[in-house]
Every structure is written in structure tokens, then in C-alpha cells.
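**Q** missing the sequence, but the structure's below:
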């Protein structure tokens, strides 16, 4: 019986990450809590790894598929009701 947890490379990419593009503003939520905002620096072709510059500054953070993190696009012109 294999008791080793799956490696990050074995995890399926988060579907929402497939729509992220470099220079896109995102809100970072870790464990369901806001952790800041940033700018997508790069995304792998399969969207399994995303690099984000938190608050638009270096150094950048790398997020792997399977990490307990959400990267949500920030709407440029949210409609107010």
C-alpha cells in the first residue's frame, strides 16, 4: 500500500488557472482567506504552476496545482448595484 501523498506534479491543475494570463491582476486566497493581491508573472502551458508578484513587486511566489490556494481574477470594472 502506497502511503505517500501525491506530489504537486501529480495534481490536476485548477480549472480557473487555465484562464490566467501574464500581467493579469489576481486576488490570492490561501486556505479560504484573503492573502493579498498580485500580478500573474507567468503560467505553465498546462496551468499546473503559476507565478505571482504579490502587490506587483518582486520576489514572486510560485503556486502549484494542489496547493490550498485560489487565484481569482480581479475585475477591472466591477458593476455596482
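**A** Perfect, thanks for sending it. Everything numeric in this text was worked out from a predicted model, so none of it was measured. Numbers count the residues shown, from 1 in each chain.

**Q** Nearest residue to the residue nearest the centre of the chain in space, please, no chain neighbours.
**A** Nearest to the mean C-alpha position of the chain, counting by Cα atoms, centre = their mean, stands residue 71 at 3.8 Å. Distance criterion Cβ to Cβ, 6 or more residues apart in numbering; nearest residue to residue 71, sequence neighbours excluded, is residue 26 at 4.7 Å. C-betas here are computed from N, CA, C, even on glycine.

**Q** My guess is the one you found contacts residue 35. True?
**A** No - taking Cβ atoms under 8 Å as the definition, residue 26 is not a contact partner of residue 35, at 10.8 Å.

**Q** What separation is there between the residue lying closest to residue 17 once chain neighbours are set aside and residue 40?
**A** In space, and not counting its chain neighbours, residue 17 is closest to residue 47: 4.2 Å by Cβ to Cβ, 6+ apart. Using Cβ to Cβ, to the nearest Å, one obtains 11 Å as the distance from residue 47 to residue 40.

**Q** What is the burial count for the nearest residue to residue 19 once chain neighbours are set aside?
**A** With Cβ to Cβ, 6+ apart as the criterion, residue 19 has its nearest non-adjacent residue at 7.4 Å, and that residue is residue 73. Neighbour count for residue 73, taken as other Cβ atoms under 10 Å: 14.
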